[in-house]
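J.: Sequence and predicted model, in that order:
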Amino acid sequence: MKIRSAKVIVTCPGRNFVTLKIETDEGLTGLGDATLNGRELAVASYLTDHVIPCLIGRDPQQVEDIWQYLYRGAYWRGGPVTMSAIAAVDTALWDIKAKAAGMPLYQLLGGKSRNGVMVYGHANGADISETVDEVAKFLDLGYKAVRAQCGIPGLPSTYGVSKDKMFYEPADADLPTENLWSSEKYLDHVPQLFERLRDKFGFGPHLLHDAHHRLTPIEAARLGKSLEPYRLFWMEDVVPAENQAAFRTIRQHTVTPIAIGEIFNTLWQCQTLIEEGLIDYIRATVVHAGGITHLRRIATLADIHHVRTGCHGATDLSPVCMGAALHFDTWVPNFGIQEYMTHTPETDAVFPHSYWFEDGYLHPGDTPGHGVDIDEELAAKYPYSRAYLPMNRLQDGTMYNW
Ligand SMILES: O=C(O)[C@@H](O)[C@@H](O)[C@H](O)[C@H](O)CO
Ligand SMILES: [Mg+2]
């Protein structure tokens, strides 16, 4: 078998998605997600201008060799653009391999380790009362786990809190909007939210929270301690992780479980976190962490150190990434949870898929491959439209972690 052609499809059914489609001389096709929020065209160019020419004529069955060829061969290793491009190739090749075998992808990875993939939904509200109402809606839909975010008194807008309720759009403008941030106000307010949620819903549902890399280690330690009575499933991205050793401070102070990894691209960015047992959940996922091939390595290292997975699954990761992640989740022995923000109906129509939600769990389906397709005619009706994630400044104007 040989790769006959490959192309990049950019579409914007409400938000931008970049998809790689690889076709073989035997007529099999495979899809990989290559979406990097706010930097989409950089990955599209990396693929079209630098990767696709090297793929033509190669044997698509050599998934590992092609991964190594693109990773080692480029000389310039790692980084979000490179690793999203490699991920797209890798995902498309696994899709082709599974289709050629006539199997759903999870079978090739080692088969089912569970009957369904537990997911968490996103509840957000302008204030505590609204967030409580939103959490109730998710629980009514059958979710076993809900992430809760809420507006902070004294801050005009906060990332993750939006008018959209079943999903919110991370990239919200043609040029980046700017939010204001105060860790002091945040740290005072968040424990009150979880106190109300536990009062109302008890300890049955799993509750999660995302701090978007905005605290210092000692502030994160304080957050973890103040949330201990409410027994969260995890607190996510409490500090930026360029300095992995900084997590030791947080760990020394709190037993609230720690999750991180949605912006990680390689194993090297979480090696210390995993090997020293500084985190409980690794949130790297297929599209930004080098595809199934590399994510599997991260998960295997994590397993040895009692760290479980919690793949990123926001709306800026396309249904192609979600489909691949669900096959991975169905197999991976140290599965923790999967994030699930529902896509819009327009996006679902562009990417017909075999996965479905039922009673708090997603199921990947049994279609050969990863089970996600693209309607190219429909995709062509939604041209690229530039959009950025918002940014964050402190109240005195200092540029801050978003
Ligand atoms: O946990 C999450 O889903 C968030 O952190 C995302 O909204 C993230 O900010 C976006 O995916 C960034 O593109
Ligand atoms: Mg997050």
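T.: Here it is on my side, so go on. The model shown is predicted, which means the values in this text are computed figures rather than measured ones. Ligands and ions are numbered 1, 2, ... in the order given.
J.: going forward, measure contacts and count neighbours with C-alpha atoms only.
T.: OK.
J.: Now do the helix or strand of the chain with the lowest mean pLDDT: which elements does it pack against?
T.: Within the chain, judged by mean pLDDT, DSSP states H and E, the helix or strand with the poorest mean is strand 178-181; its value is a mean of 91. Applying 3 or more C-alpha pairs under 8 Å, 6 or more residues apart in numbering; DSSP states H and E, we find strand 178-181 packed against strand 391-394.
J.: check whether the least confident helix or strand of the chain contacts ligand 1.
T.: No: judged by C-alpha under 6 Å from any ligand atom, strand 178-181 makes no contact with ligand 1; its nearest approach is 13.7 Å.
J.: And the contacts of that strand?
T.: Contacting residues not belonging to strand 178-181 are listed as L155, P156, S157, T158, Y159, P390, M391, N392, R393, L394, Q395, Y400 [C-alpha atoms under 8 Å, 6 or more residues apart in numbering].
J.: Just the buried ones from those?
T.: Among the contacts of strand 178-181, those classed as buried by neighbour count (16 or more other C-alpha atoms under 10 Å) are S157, T158, Y159, P390, M391, N392, R393.
J.: of these, closest to ligand 1?
T.: Y159 (8.2 Å; C-alpha to the nearest ligand atom).
J.: Surely the closest one touches N401?
T.: No: using C-alpha atoms under 8 Å, Y159 is not in contact with N401; the gap is 11.4 Å.
J.: Identify the residues contacting T177.
T.: Residues counted as contacts of T177 (C-alpha under 8 Å, 6+ apart) are L389, P390, M391.
J.: Just confirm the last one contacts D172, I think it does.
T.: In other words, M391. No: assessed by C-alpha under 8 Å, M391 is found out of contact with D172, at 10.7 Å.
J.: residue contacts, the residue lying closest to A302 once chain neighbours are set aside?
T.: In space, and not counting its chain neighbours, A302 is closest to I274: 5.8 Å by C-alpha to C-alpha, 6 or more residues apart in numbering. For I274, the contacting residues are L301, A302, H305, V307, by C-alpha under 8 Å, 6+ apart.
J.: Which one of those is nearest to I66?
T.: If you rank those by distance to I66 using C-alpha to C-alpha, L301 comes first, at 22.0 Å.
J.: so the residue in the stretch 51-200 of the chain that ligand 1 sits nearest to, which of the three states?
T.: Using C-alpha to the nearest ligand atom, the single residue of the stretch 51-200 of the chain nearest to ligand 1 is P170, 5.4 Å away. In three-state terms, and counting by DSSP: H, G, I helix; E, B strand; the rest coil, P170 is coil.
J.: Confirm for me that it is in contact with M391.
T.: No: using C-alpha under 8 Å, P170 is not in contact with M391; the gap is 11.0 Å.
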